[in-house]
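Novice: got a structure for you, letters missing:
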DNA sequence: ACATTACTTGGTCATTTAGCCAAATAGATT
DNA sequence: AATCTATTTGGCTAAATGACCAAGTAATGT
């Protein structure tokens, strides 16, 4: 693999990784309905505010979320409306019936 | 969150996690062209065979891959043909221009 | 039966991740 | 200016991940 395509591969993996955690997935799904501030998301996830904040920073740095400060609150929103089709595929895989248990 | 929806959330996250690594992403993309055996994928990834094998096991257990043994070789294939739309969204996010650098 | 080939499994180690708490910052309110 | 509220940052620790090597297994060829 070339250096360039390795960089692309890493960037893609970072985006996917930003969604590869139950709490972050929950956050992403909730934001499909519209922007929310950190304390809303903290209630949703049920973890320490600092923990949630770190998840959000990670997602923003990966390019998955945008944020905007208004007054005391910081509102996070999805950077792309394609999450639906992303999740459609994930659910297909997550609920897929005929898995190969083993072959060896 | 209920216990049931937490379980679903974890399952989804496991599927996403199975794709959230440069080597595993590379493997998934390569398998879009058709099944391949472990040594092919080892050459593709360029890591130790045992490392690749562990990646493949993880992906299979998450439900992303199927495998079938024929002779000495084990052939891995994608469990779902929806990877294309999945990656379309990932690329949109990975290459997205207007990212919020910071807001605080 | 013995060697070979293709994989997997177990062990170990370094790195990353995820959680919490305490402290810092920034805007709003008094 | 002092305080309150919302959020981030730093520090710490426990747990998970990813890589390699060495050893084990299973089908094939001799």
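Specialist: Done, it's in. Note that the structure is predicted; figures quoted are calculated from it, not measured.

Novice: what about the residue nearest to the spatial centre of chain A, helix or strand, and which?
Specialist: Nearest to the geometric centre of chain A sits residue A:19, at 3.1 Å (Cα atoms, centre = their mean). Counting by DSSP states H and E, there is no helix or strand that carries residue A:19.

Novice: Next up, the contacts around it.
Specialist: A:25, A:28, A:59, A:64, A:86, B:16, B:20 (Cβ atoms under 8 Å, 6 or more residues apart in numbering or on different chains). Where you see a C-beta, it was placed from the backbone N, CA and C, and this is true even at glycine.

Novice: at 10 Å instead, please
Specialist: Neighbouring residues of residue A:19 by Cβ atoms under 10 Å, 6 or more residues apart in numbering or on different chains: A:25, A:27-29, A:59, A:62, A:64, A:83, A:86-87, A:90, B:12-13, B:16-17, B:19-20, B:89-90, B:93.

Novice: do residue A:94 as well
Specialist: Contacts of residue A:94 by Cβ under 10 Å, 6+ apart are A:87, B:8-16, B:62-64.

Novice: at 7 Å instead, please
Specialist: Residue A:94 sits next to B:11, B:12, B:15, B:63 when contact means Cβ atoms under 7 Å, 6 or more residues apart in numbering or on different chains.

Novice: Show me which pair in these is furthest apart.
Specialist: B:12 and B:63 (10.5 Å; Cβ to Cβ).

Novice: Of the contacts of residue A:94, which is the most crowded?
Specialist: Neighbour counts for these (other Cβ atoms under 10 Å in any protein chain shown) peak at residue B:15, which has 26 neighbours.

Novice: Quick check: the gap between that one and DNA strand C.
Specialist: 15 Å (Cβ to the nearest atom of the strand, to the nearest Å).

Novice: which SS state does that residue fall under?
Specialist: helix (DSSP: H, G, I helix; E, B strand; the rest coil).

Novice: From what I see, it and residue A:95 are in contact.
Specialist: No - Residue B:15 is beyond contact range of residue A:95, at 9.6 Å (criterion: Cβ atoms under 7 Å).

Novice: hang on, the earlier thing: closest one of the contacts of residue A:94 to residue A:55?
Specialist: Nearest member of these to residue A:55, counting by Cβ to Cβ, is residue B:12, at 15.7 Å.

Novice: Please look at the closest one and residue A:88 and confirm they touch.
Specialist: No - in this structure, residue B:12 is not within contact of residue A:88 by Cβ under 7 Å, at 11.4 Å.

Novice: The contacts of residue A:19 in helices, which ones?
Specialist: Using DSSP state H, A:25, A:27-29, A:59, A:62, A:83, A:86-87, A:90, B:12-13, B:16-17, B:89-90, B:93 are the members of these that sit in helices.

Novice: ok, and of those, which contact DNA strand D?
Specialist: Contacts with DNA strand D are made by residue B:17 out of the ones in helices among the contacts of residue A:19, judged by Cβ under 7 Å from any atom of the strand.

Novice: which of the ones in helices among the contacts of residue A:19 count as buried?
Specialist: Neighbour counting by 16 or more other Cβ atoms under 10 Å in any protein chain shown classes A:25, A:27-29, A:59, A:62, A:83, A:86-87, A:90, B:12-13, B:16-17, B:89-90, B:93 among the ones in helices among the contacts of residue A:19 as buried.
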